[in-house]
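>>> structure for the following, please:
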Amino acid sequence: MSFAWSDMAAAFPRLRIWAYLAFKQIQFEHRRSVLGSAWIVLSYAITAAGIGFLMSQLQGRPVEVHVPHVMFGLAIWNFISGATIAGADIMVTSRSYLLQMNLPRSLFVLSMLLRLSYLLGIQLVTAFVICLFFGWRPTLEIVWIFPAFAVYLAAGFGTALTLGMVAARFRDISTLVGSCMRLIFFFTPIIWAVGTARDQAEGFIGFLVRWNPFSYVLNTLRDGLVGLPPDPLNWTVTLAITALVLFTGILALDRMGRRVTYWL
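Alright, predicted model coming up:
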C-alpha cells in the first residue's frame, strides 16, 4: 500500500490547501444570496424544529424530549449522508484540480470532511439554542460526543475514499448511493423514536433498528447530546464499521488512486 500511504502523508500536512478548498466551497454554495451562509442556520432551524414539534405530537412524546431527538438527529444525519453522498462524488467534483495539478487524492476527502464538520458545528450550536428553549438541558454525558465525532471523521474518511474511487470508475454508483441514502433516512430513527410506535421493539420497527447499521452509528453521537449514557452495542458496531471502511478506503486508494485521473 505504498501509494496510499504516500498519498495520505502528502495530504494531511497541507492544512491550508484543504481548508481553503472547504471554505471556498461553502462560499460558492451561497453566493449571490442576500443572507449568504446564514441560510445554513435558518434552513436547518426551521426544518428540524418544525419536524421535531410535529413528530412529537404524532408520536405522543413530550416536546422537550422529542425536539432534541430530532434536531440532533438531523444534524448528525446531515454529516453522515453528506460524507456518503459527497464522498461518492468527490473525485468527479475535483476533476478540474486533479487534471491540472498533481495533488494527493485524499486531500479532497479531507477538505470535504472539514466542510461537513463546520456545517455540523453550526447546526449543533443552533440545536443547542432551540432545544434550550424547549426545555432540554445538557448533562455530563455530552463529553462522549468528542470521541464519537473522532470516530465519525475516521469513518467518513474511509467511506469517501472507497466510494469516491469506485464512483470515479463507475459513475452510476453515485446516483445509486444518493437514492439509497434518501430511502435509508426514513428507515433510521431520526425523526421517529423507538418505543413509541405500535409494535415498539418487537415488530417491524424493532427489525429496522436491529438490522440498520445507521441506527447504531447515529446513536453513538446522539446519545451523549440527549443525555443518555454510551451504549456498548452502539460503540461496538460503529467501531467495527469504521475499521472496515477505513481498510477498504485505504485499499481502494492504493489500487485505484494512480488511475483515477484517466477515468475523469
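
>>> for the stretch 1-150 of the chain, which segments count as strands?
Across the stretch 1-150 of the chain, reading from the start of the chain, there are no strands by DSSP state E, counting those that start in this stretch.

>>> how about the helices in it?
2-11, 15-29, 38-59, 63-93, 95-100, 105-134, 145-169 (DSSP state H, counting those that start in this stretch).

>>> list the helices and strands the second one packs on?
Right, the one you point to is helix 15-29. Helix 15-29 sits against helix 105-134, with contacts defined as 3 or more C-beta pairs under 8 Å, 6 or more residues apart in numbering; DSSP states H and E. In this view, the C-beta of every residue, glycine as well, is placed from N, C-alpha and C.

>>> for residue 188, find the nearest of the helices of the stretch 1-150 of the chain.
Minimum separation from residue 188 across the helices of the stretch 1-150 of the chain (C-beta to C-beta) falls at helix 63-93, 7.2 Å.

>>> sketch out the low-pLDDT regions of this protein for me.
The model of the chain has pLDDT under 70 over residues 1, 29-37, 195-206, 208.

>>> circling back: can you lay out the helices of the stretch 1-150 of the chain as TSV showing distance to residue 224?
TSV is the format used below for these (distance: least, C-beta to C-beta, whole Å):
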stretch	distance to residue 224
helix 2-11	29
helix 15-29	25
helix 38-59	18
helix 63-93	9
helix 95-100	37
helix 105-134	11
helix 145-169	5
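
>>> how about those, which one is nearest residue 253?
Evaluated with C-beta to C-beta, the helices of the stretch 1-150 of the chain place helix 2-11 nearest to residue 253, the distance being 4.3 Å.

>>> so what does the closest one touch, helix or strand wise?
Secondary structure elements in contact with helix 2-11, counted by 3+ C-beta pairs under 8 Å, 6+ apart, are helix 105-134, helix 232-256.

>>> so how far is it off the chain centroid?
In terms of C-alpha atoms, centre = their mean, to the nearest Å, the centre of helix 2-11 is set 24 Å apart from its chain centre.

>>> in that helix, what counts as buried?
For helix 2-11, the neighbour count (16 or more other C-beta atoms under 10 Å) marks 4, 7-8, 11 as buried.

>>> and which of those is nearest residue 121?
Nearest to residue 121 out of these is residue 11 (C-beta to C-beta; 22.1 Å).

>>> test my guess that that closest one contacts residue 107.
Yes. Checked against C-beta atoms under 8 Å, the pair residue 11 and residue 107 is within contact range at 4.0 Å.

>>> shared neighbours, those two?
Common neighbours of residue 11 and residue 107, using C-beta atoms under 8 Å, 6 or more residues apart in numbering, are residue 18.

>>> returning to what we had before: how about the helices of the stretch 1-150 of the chain, which one is nearest residue 261?
Ranking the helices of the stretch 1-150 of the chain by distance to residue 261, with C-beta to C-beta as the measure, places helix 95-100 first at 5.4 Å.

>>> hang on, the earlier thing: for residue 238, which of the helices of the stretch 1-150 of the chain is the nearest?
Of all the helices of the stretch 1-150 of the chain, it is helix 145-169 that lies closest to residue 238, at 6.0 Å by C-beta to C-beta.
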